[in-house]
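Novice: Could you work out the structure for the sequence below:
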Amino acid sequence: VSTQSTGSSGINAEYGQEIIHKNVIDERLAAHMWDELECPICRDHFTTPRVLPCLHVYCEACLAQAAGSNSYVVCPICRKEVALINGDVRNFPKHNMIENLIRILTLNKEKESKSCDGCGNRGAEFWCVEAEEAYCKDCKSIYSSLKYTKDHHIFNFDELIKDRSLQANHRIQMCLKHPEETLRLYCETTNESICRDCTLGEYKNMKVKPINEIIGSHRDNVKVALDAVQSKLKPLNQSIAILRDEEGEMKEQARKAQAEIKTMVERVMKSIKAREQHLLNTVEQMKSASVSQLESKREELTVAMQSTQAGCDFVSNLLTDGSDVDVLGMEAQIYERMEELKNVDLDIGVKRKNIEFQKVNETIITTFIDGLGKFVVETYNAQPIKEMRERVGTRGSKTSHGRPISPGEFSTLRSAVDGDEQTGAPGDSVTDYYVGKGVRSIGAPNCKSGTGVAEFKKPMGISFDKSGNMFVADTENNRVQVLKKSGTFSHIIGAGKQGSGKGELNNPTDSVVDSQGFLYVVDSGNNRLCVFTTQGKFVRTIGREGKGEGEFMNPRKICATKDNYFIVSDSDNNRVQIFDSRGNFLRIIGGSDNAPEGQLRQPVGVTCDSHGLIYITQMKPASIKVYAFDGGYIGQFGKEGKGKGELLGPSDVTVDASGGIIVSEWGNCRISIFDERGHYHGKYGKRGKKYGEFDGPCCVELNQEGRLVVVDTWNHRIQIL
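Specialist: Numbering: from 1, shown residues only. Down below sits the predicted model:
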């Protein structure tokens, strides 16, 4: 008996501990949610929360106080000036989701003393979503069995707190014009949620549909708008990080300059101490001026990022926890705000002064004491190319076999890759060192053109799917040939004859396979994109001849981002166009609305790195131009010529995993290699028909093994290095 009693006591104790632990967790969750429901102005829990067009939420009274006698109110978070609707803050939309959540949290806090709306006894632990009444445990059981209320959704307060969607999914919202009727219909003419009785009056002849039939597409559209803005968060964070790094580098340069000044001055006469202090003060002033500018810009971008994040959080929470009516009621406002946030300017736009102290020869220092030392000041734009690589440099370098070398390995290869006058077979030796496996060629023998399988006539592009299969744009054969990873022929895409009908191609110049397995072919002669399955079934076309948005004049190259955005070089229109995953036009890069240095002239090759930077080869004058994904011009490198680091007919570009930039040159018949900062490191190949030699290479890509693949156009072959 004693043993049984002891065991029973232990079980009860453990059970009691579990209840206490659960209560503590529930209390912490509720406390955390209370913290989320504070008004940014009064720092108290929201009362009658109102939503501004910028999607920031404040108490109605706080907004009224902030507006004062003005006809507008300035948002304290994003500093956007918002006009009052009909002169009253009460006309801003009410945030029903927050208001209901506060009510649930308040009832949960008072549930032990709260009277049941059914019997009047204390201890109302449950909430009926439809009736909006609190019940005790006994009344909950009764109402759950009654004919007219058995289908009501009655939840424990803890359940409603843990899963906010329970309230939104089942809450009934009544019509303001007909308080006895629920909002179940949506008027697509006026974009309003209405009730049945509304259709008998002013909405009688309007286009009305049940909410449950149309809400899916509306939520999807809001999600698309949200996704477009969320893509801004990463570059905003990166831009802020760039500014933070620039500040650090500026301070480090100032520290080094100060140290050099002190070291020099300590070795000279005491009479130059005043000069020493003058130089130190100059450094400090220059640092302060530049750092202050960088800090100001960083704060501006931080506000933009916080506003963007707040907007995204708001819409995400609305889609997750808001009711259908809430989503519909704020849809237009969300679109407007998402469009504003989508167009946030990511341009750093800050010029800083580079500080480098040049010492005077100490043997003549006494003669030039008044001019002791000077600062070499170079003003330049902050360089995201350099910083956004996270300074990977040579860190984590792997063996060079089977892939392009990283920038850190170039120093040991310069003499090999730069030497045109070497004896023996420099091409082969460089190839072996560069890729480790020698060169392999696919095409007809003796560099002849052909129309058979695995034979080509002036091919101009290549792409790969996830399995390593190759899709070769066999340009003058008007087809795309699909080769297996091993190099053996698989099948042909396109009719194999020149045409403009469905599935027909006219001089295809490039292709890309998206993450869904669709092949996008640049149908250059027809000024469009053709979409196929990778098995060759025609799907649709995108674009047509013209100069408008989504139209082309001699499109040449295409690449896809990891998010399935497509970037197409529109050569004769002197621009690059970006499309979303559905083929919808998104934006133009390098157009005539840019500053002169940001405008493109005959763009051909295009690629995008993991940071979202877009690299574009420009034919005349030859250069590589770099842009942010939002279209902002960053800079360029390379110039026209035949020397080291110079370009002649840059036809394509790709970026390796370490940030190395690889360019094919149609005019110089070679591959040039630059590091992630655009510094030249070497070249490979020369004009010829031997392995490792080229004649008009028009495309360069990396396959799944990291090996360089060159489309050797005028030699009618593909070379795998």
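
Novice: Low-confidence ranges, the stretch 601-721 of the chain, go.
Specialist: For the stretch 601-721 of the chain, applying pLDDT under 70 flags no range at all.

Novice: so where do the helices sit in it?
Specialist: Ranges of helices in the stretch 601-721 of the chain, per DSSP state H, counting those that start in this stretch: none exist.

Novice: Please apply the same query to the stretch 401-550 of the chain.
Specialist: Taking DSSP H, counting those that start in this stretch, the helices of the stretch 401-550 of the chain run over residues 414-418, 426-435.

Novice: any idea of the mean pLDDT for the first one?
Specialist: The pLDDT scores in helix 414-418 average 34.

Novice: start the count at 28, not 1, going forward
Specialist: Noted, 28 is the first residue going forward, which turns the last one into helix 441-445.

Novice: helices or strands up against the longest helix anywhere in the chain?
Specialist: Secondary structure of the chain per DSSP state H: the longest helix is helix 300-348. Judged by 3 or more C-beta pairs under 8 Å, 6 or more residues apart in numbering; DSSP states H and E, the packing partners of helix 300-348 are helix 123-136, helix 192-197, helix 238-257, helix 260-292, helix 351-369, strand 378-385, strand 401-408. Yep, even glycine has a C-beta here, placed from its N, CA and C like the rest.

Novice: Name the strands paired with the next helix or strand after the shortest one and say parallel or antiparallel.
Specialist: This points to helix 192-197. Counting by DSSP states H and E, the next helix or strand C-terminal to helix 192-197 is strand 212-214. If you go by DSSP bridges, strand 212-214 pairs up with strand 219-221 (antiparallel), strand 235-237 (antiparallel).

Novice: buried stuff in the last one?
Specialist: Of the residues in strand 235-237, those scored as buried under the neighbour-count criterion (16 or more other C-beta atoms under 10 Å) are Val235.

Novice: I figured Met277 hits Ile382, correct?
Specialist: Yes: Met277 is within contact range of Ile382, at 7.3 Å (criterion: C-beta atoms under 8 Å).

Novice: These two: who's more crowded?
Specialist: Ile382 (24 against 20; other C-beta atoms under 10 Å).

Novice: hmm, back to that, compare the strands paired with strand 212-214 and give me the one nearest Gln663.
Specialist: Closest of the strands paired with strand 212-214 to Gln663 is strand 219-221, at 51.7 Å (criterion: C-beta to C-beta).

Novice: What lies in contact with that closest one?
Specialist: Strand 219-221 is touched from outside by 200, 202, 210, 212-214, 230, 235, 238, 351-352, 355-356, with contacts defined as C-beta atoms under 8 Å, 6 or more residues apart in numbering.

Novice: if you average pLDDT over that strand, what comes out?
Specialist: What strand 219-221 shows for mean pLDDT is 91.

Novice: picking that back up, need the strands paired with strand 212-214 in JSON lines (columns: distance to Asp272).
Specialist: Formatted as JSON lines, those follow (distance: least, C-beta to C-beta, whole Å):
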{"stretch": "strand 219-221", "distance to Asp272": "49"}
{"stretch": "strand 235-237", "distance to Asp272": "53"}
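
Novice: which stretches of this structure have low pLDDT?
Specialist: Low-confidence segments of the chain, defined by pLDDT under 70: 28-63, 134-135, 137-140, 188, 190-198, 295-299, 375-380, 385-466.

Novice: Could you measure from the closest residue to Lys574 other than its chain neighbours over to Gly617?
Specialist: Leaving aside its chain neighbours, Lys574 sits nearest to Asn600 (5.7 Å; criterion: C-beta to C-beta, 6 or more residues apart in numbering). Asn600 sits 10 Å away from Gly617, going by C-beta to C-beta, to the nearest Å.

Novice: What of Ala649?
Specialist: In this structure, Ala649 and Gly617 are 15 Å apart, going by C-beta to C-beta.

Novice: cool, Thr588 as well?
Specialist: Distance, Thr588 to Gly617, using C-beta to C-beta: 17 Å.

Novice: Of the two, which one has the most company?
Specialist: With neighbours defined as other C-beta under 10 Å, Thr588 and Gly617 compare such that Gly617 has more, 25 against 19.

Novice: anything in contact with each of Met277 and Ile382?
Specialist: Lys314.

Novice: Ser168: helix or strand, and which one exactly?
Specialist: Element membership for Ser168, per DSSP H and E: helix 164-172.

Novice: elements contacting that helix?
Specialist: Under the contact criterion of 3+ C-beta pairs under 8 Å, 6+ apart, helix 164-172 touches strand 153-155, strand 181-183.

Novice: Identify all contacting residues around that helix.
Specialist: With C-beta under 8 Å, 6+ apart as the test, helix 164-172 has contacts from 143-146, 150, 152-153, 155, 162, 176-177, 179, 181.

Novice: one more time with 10 Å, if that's ok
Specialist: Here helix 164-172 makes contact (C-beta atoms under 10 Å, 6 or more residues apart in numbering) with 143-148, 150-155, 158, 160-163, 176-179, 181-183.

Novice: Give me the buried stretch members for it, please.
Specialist: Cys166, Lys167, Tyr170.

Novice: and the spatially closest residue to the first one that is not a sequence neighbour, what are its phi and psi?
Specialist: Meaning Cys166. Counting by C-beta to C-beta, 6+ apart, Cys166 lies nearest to Gly145, which is 3.4 Å off, once chain neighbours are set aside. Torsion angles at Gly145 (phi, psi; degrees, to the nearest 10) stand at phi -90, psi -50.

Novice: Against Thr133, how distant is Gly145?
Specialist: In terms of C-beta to C-beta, Gly145 sits 19 Å off from Thr133.

Novice: So these two - more neighbours on which side?
Specialist: Remark: of Gly145 and Thr133, Gly145 carries more neighbours, 19 against 13, as counted by other C-beta under 10 Å.

Novice: Tell me who's in contact with that one.
Specialist: Neighbour list for Gly145: 151, 153, 155, 158, 160-163, 165-167, 169-170 [criterion: C-beta under 10 Å, 6+ apart].

Novice: again with Phe491
Specialist: In this structure, Phe491 makes contact with Met497, Phe498, Lys512, Ser538, Val539, Val540, Glu728, Leu729, Asn730, Gln731, Val736, judged by C-beta under 10 Å, 6+ apart.
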